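**Student:** Here is the input, now give the coordinates:
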Amino acid sequence: MTATPDARPRGTRLPRLARRRQLLGAAQEVFVAQGYHAAAMDEIAERAGVSKPVLYQHFPGKLELYLALLDEHAEALVKTVRDALESTTDNKLRVQASMQAFYDFVAGDGEAYRLVFESDLRNVAPVRARVDRANQQCAEMIAQVIAEDTGAASDEAHLLGMGLVGMAEVSARFWLSQHRAIPKDTAEKIIARLAWRGISGFPQI
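**Tutor:** Here you go, the predicted model:
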């Protein structure tokens, strides 16, 4: 196979964890650029500067490699939202921080958000389960705050939590698709203001 311009030189022996990190980085570049179905293990190995047997030592197949990446970035999203909610006890600022968390994730280096929000494997059970779990975890964290502060019933709080997650995700992806025509901090504030005007209508207990 002809070497691609981005292929890394071979021959460097790395500790197992460092090698795994390298392989995941190369795989992310290929999956984001081409999607799952068009990506080839040959290209991922070449991009990482390793042989295919080395790649298969770490990941038995392309799906397992994709799922490892998806797990990593879904967990990163959940952590970002958790940190946002725990950053303050002021609920208006919590809404702003939560919206910012999604915009930060979507605007992050490497376009990892595509693996979580725009995967061409969304109908594959293990992928769908991971994406749904990440969304549910984010919604549950927000719902817990809503229930504690408003006394809303659990089902209502979860519906509100999922609504806020959907608002944050869809608006952040749309903002990016428009080539950041609006400055990121301005876009975050607009959506946070919309969200706060809705959620603040529920009386605190």
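
**Student:** Can you give the domain ranges for the protein?
**Tutor:** 15-60, 68-198 (the TED database).

**Student:** Dump those domains to JSON lines, plus mean pLDDT, distance to Gln204 and mean neighbour count.
**Tutor:** In short, each C-beta sits where N, CA and C put it, glycine included. Converted to JSON lines, those look like this (pLDDT from 0 to 100; distance: least, C-beta to C-beta, whole Å; neighbours: other C-beta atoms under 10 Å):
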{"stretch": "domain 15-60", "mean pLDDT": "96", "distance to Gln204": "42", "mean neighbour count": "17"}
{"stretch": "domain 68-198", "mean pLDDT": "96", "distance to Gln204": "5", "mean neighbour count": "17"}
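
**Student:** Helices of this protein, start to end?
**Tutor:** 16-38, 41-48, 52-58, 62-86, 91-106, 113-117, 125-150, 154-177, 184-199 (DSSP state H).

**Student:** list the helices and strands the last one packs on?
**Tutor:** Under the contact definition 3 or more C-beta pairs under 8 Å, 6 or more residues apart in numbering; DSSP states H and E, helix 184-199 sits against helix 91-106, helix 154-177.

**Student:** Would you format those helices as a markdown table with distance to Val124 included?
**Tutor:** A markdown table is the format used below for those (distance: least, C-beta to C-beta, whole Å):
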| stretch | distance to Val124 |
| --- | --- |
| helix 91-106 | 22 |
| helix 154-177 | 20 |
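
**Student:** just checking, His158 touches Ala143?
**Tutor:** Yes - judged on C-beta atoms under 8 Å, His158 makes contact with Ala143 at a distance of 4.5 Å.

**Student:** ok, Phe31 - contacts?
**Tutor:** Applying C-beta atoms under 8 Å, 6 or more residues apart in numbering to Phe31 gives the contacts 39, 66, 69, 115.

**Student:** cool, Leu70 as well?
**Tutor:** Listed by C-beta under 8 Å, 6+ apart, the contact set of Leu70 reads 115-116, 119, 127, 130-131.

**Student:** Give me the distance between it and Met99.
**Tutor:** Counting by C-beta to C-beta, to the nearest Å, the separation of Leu70 from Met99 is 23 Å.

**Student:** Val32 too?
**Tutor:** As judged by C-beta to C-beta, Val32 and Met99 stand 24 Å apart.

**Student:** Kindly report the same for His37.
**Tutor:** His37 is 33 Å from Met99, where distance means C-beta to C-beta.
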